[in-house]
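>>> okay, predicted coordinates and the sequence, questions at the end:
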Amino acid sequence: MTGTDTSQPQGAAGTGTGVLLRPDLYANMDFEGADTAPEPTICRRIDGQALLYPNAVNAIFGPPGEGKTWLMLAVVSETLNDGGRVLFIDVDDNGRGAIRWRLEAFGTLRETIADKGKFLYCTPSDIEDLEAIVEDMKRWRPSLVVIDSIGTVVTMSGGSANDADDFNRVNFRVMVPMSQTGAVVAYIDHVSKNPDSARHGAQGSSAKLQRISGVSIRVTGKEPFIPGQGGQSLLTGNKDRHGTVSRNCVPMEDGSADKFIVGTFVMNETEDGIAWEITAEGGVTPQKAGRPRRDRLAELKTMTPPPKTGNEACERLGGNRKAALNAWDEFKYWQAGEAGEQAASESRCKEGGARPAMFVLGAEYPLPRLRARLATVPEGRPMART
């Protein structure tokens with residue numbers, strides 16, 4: 001007999017040659033850059049603690065209408081405003097227009113939303129579409145992937161939202177490969193309608209919890225979101241694979257399946273759009289939630305050349321149109337004052353220092369009166385002094 005039969009064990013245990021036929025199947029276990037526990041990077045509370053893990057599959061679940069999509073769109077806005085890239089997979093018929101409006105209301109610039117180098121929105125129709133998207137993401141390298149919702153993805157892939165095997169199939173074909181790009185993958189899921197099942201978690205929750213490689217967070221409405229007022233949702237966690245989030249949370253003590261209180265997602269509608277934040281349990285909830293406010297007036301002052309109309313100001317500022325128009329009013333007020341000061345200065349120089357009557361901000365024309373006058377002046381024309 002010649003040659004060696006490599007299909008059979010060679011020699012005693014621990015004495016083989018170590019030559020592998022498929023070395024690509026085995027992970028590199030060196031410690032370079034991996035000597036600490038994984039840290040969440042996206043979805044920050046007001047105390048700075050991030051809640052969602054990169055390189056992992058995270059779950060956001062709860063009953064319909066409790067704020068799950070609102071929460072994730074706030075996180076999308078946060079990520080885009082921080083310079084990240086986002087893929088939003090919409091198979092729950094939210095609609096492109098609604099997604100655009102909510103992101104703009106959260107303060108994301110229109111040009112950012114429209115930039116396919118920063119934000120991708122898609123509505124795949126089958127598993128083949130999803131697998132093509134996975135291949136694109138290996139090259140595009142998103143910071144965040146949101147799937148709304150996983151139950152619909154499983155169903156349109158030919159499976160049942162309650163079947164563990166069907167979920168696992170989609171998880172391994174879609175979500176795991178996306179997480180391996182380094183992205184935070186967060187899927188939205190719905191609790192079962194059965195009250196007992198709803199108490200314990202999302203549909204098919206046992207299999208889903210086993211596959212969570214990040215954190216699983218339940219969203220429960222406290223105050224429904226009402227336009228012009230705002231709303232709140234309680235965030236609780238029932239699994240944290242790495243423990244980084246849960247050790248910075250308050251434990252649950254009511255005997256429910258959830259193990260820790262993550263915080264409260266708070267939204268308030270302001271003149272700038274919708275302000276939001278996630279409070280930490282035990283902290284003080286401020287009267288008005290919100291991220292740092294944009295100084296649109298300062299932005300207008302630095303534009304060269306300055307905008308000539310309100311519409312132009314809105315286009316160049318982007319974001320919330322109402323807030324941009326308010327800034328435009330302030331800018332015209334500031335411009336009028338600058339013009340008055342300049343004219344007075346030139347007059348003093350010509351007349352040897354004599355100080356003529358001049359435009360004094362807040363004195364001759366307080367802001368409410370000036371706005372009333374400006375409303376009667378066509379855009380692009382100077383306002384005559386009276």
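Received the coordinates, thanks. Numbers count the residues shown, from 1 in each chain.

>>> surely Ser233 touches Ile217?
No: if you go by Cβ atoms under 8 Å, Ser233 and Ile217 don't touch, sitting 10.3 Å apart. For every residue, glycine as well, the C-beta is placed using N, CA and C.

>>> of those two, who's got more company?
Of the pair Ser233 and Ile217, Ile217 is the one with more neighbours under other Cβ atoms under 10 Å, namely 28 against 24.

>>> SS state for that one?
Of the three states, Ile217 takes strand under DSSP: H, G, I helix; E, B strand; the rest coil.

>>> is it true that it touches Ala59?
Yes: contact criterion Cβ under 8 Å: Ile217 and Ala59 qualify, at 7.0 Å.

>>> can you report how many residues neighbour the closest residue to Leu209 other than its chain neighbours?
Leaving aside its chain neighbours, Leu209 sits nearest to Lys239 (5.4 Å; criterion: Cβ to Cβ, 6 or more residues apart in numbering). Other residues within reach of Lys239, judged by other Cβ under 10 Å, total 23.

>>> so what secondary structure elements neighbour the helix or strand harbouring Lys239?
For Lys239, the element it lies in under DSSP states H and E is strand 230-240. For strand 230-240, the contact count by 3 or more Cβ pairs under 8 Å, 6 or more residues apart in numbering; DSSP states H and E identifies helix 68-81, strand 215-226, strand 260-270 as packing neighbours.

>>> indicate which one of those is closest to Cys43.
Between Cys43 and these, the shortest separation by Cβ to Cβ is 4.6 Å, and it involves helix 68-81.

>>> what angle do strand 215-226 and the closest one make with each other?
Orientation check (axes from the mean of the first three to the mean of the last three Cα atoms, to 10 degrees): helix 68-81 against strand 215-226 gives 110 degrees.

>>> quick one: mean pLDDT for helix 68-81?
Averaged across helix 68-81, the pLDDT comes to 96.

>>> gap between it and the chain center?
2 Å (Cα atoms, centre = their mean, to the nearest Å).

>>> with just CA atoms, put whatever helix or strand comes next after that helix into PDB.
Taking DSSP H and E as the definition, the helix or strand that follows helix 68-81 towards the C-terminus is strand 86-90. Output of strand 86-90 as PDB, limited to C-alpha atoms (Å, rounded to 0.1, in the frame of the first residue of the first chain):
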ATOM      1  CA  VAL A  86     -26.600  53.500   8.500                       C
ATOM      2  CA  LEU A  87     -28.700  50.900   6.700                       C
ATOM      3  CA  PHE A  88     -32.400  50.900   7.500                       C
ATOM      4  CA  ILE A  89     -34.300  47.800   6.200                       C
ATOM      5  CA  ASP A  90     -38.000  48.600   6.200                       C
END
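
>>> partners of strand 86-90, with directions?
Using DSSP bridges, the strands paired with strand 86-90 are strand 119-122 (parallel), strand 144-148 (parallel).

>>> tell me the most buried of those strands?
With neighbours taken as mean count of other Cβ atoms under 10 Å, those reach their highest mean count in strand 144-148, at a mean of 25.

>>> by contact count, what packs against the following helix or strand past that strand?
Going down the chain from strand 144-148, the next helix or strand is helix 150-156, by DSSP H and E. Counting contacts by 3+ Cβ pairs under 8 Å, 6+ apart, helix 150-156 is packed against helix 164-170, strand 184-190.

>>> again, only using 10 Å
Applying 3 or more Cβ pairs under 10 Å, 6 or more residues apart in numbering; DSSP states H and E, we find helix 150-156 packed against strand 56-62, strand 86-90, helix 127-140, helix 164-170, strand 184-190.

>>> what lies in contact with that helix?
57, 59-61, 89-93, 124-127, 129-130, 147, 149, 159-163, 166-171, 174-175, 186-190, 202-204, 208 (Cβ atoms under 10 Å, 6 or more residues apart in numbering).

>>> now do that helix: distance to the chain's middle.
Relative to its chain's centre, helix 150-156 lies at 22 Å (Cα atoms, centre = their mean).

>>> all strands for the stretch 251-386 of the chain, in order.
Per DSSP state E, counting those that start in this stretch, the stretch 251-386 of the chain carries strands over the ranges 260-270, 273-279.

>>> turn the ones you listed into TSV, including mean neighbour count and distance to Gly117.
Converted to TSV, the strands of the stretch 251-386 of the chain look like this (neighbours: other Cβ atoms under 10 Å; distance: least, Cβ to Cβ, whole Å):
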stretch	mean neighbour count	distance to Gly117
strand 260-270	22	28
strand 273-279	22	24
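
>>> of those strands, give the one that comes closest to Val76.
Here strand 273-279 is closest among the strands of the stretch 251-386 of the chain (Cβ to Cβ), at 11.6 Å.

>>> what's the angle from that closest one to strand 230-240?
Put simply, strand 273-279 runs at 40 degrees to strand 230-240, going by the same axes, to 10 degrees.

>>> what strands line up against strand 273-279, and which way round?
By DSSP bridges, strand 273-279 pairs with strand 260-270 (antiparallel).

>>> still on that earlier bit, any figure for the gap between the residue nearest to Leu209 and Gln210?
Using Cβ to Cβ, to the nearest Å, Lys239 is found at 9 Å from Gln210.

>>> next one: Pro38
From Pro38 to Gln210 the distance is 18 Å (Cβ to Cβ).

>>> between these two, which is the more surrounded one?
Between Pro38 and Gln210, counted using other Cβ under 10 Å, Pro38 has the larger neighbour count: 16 against 12.

>>> alright, I will stop here.
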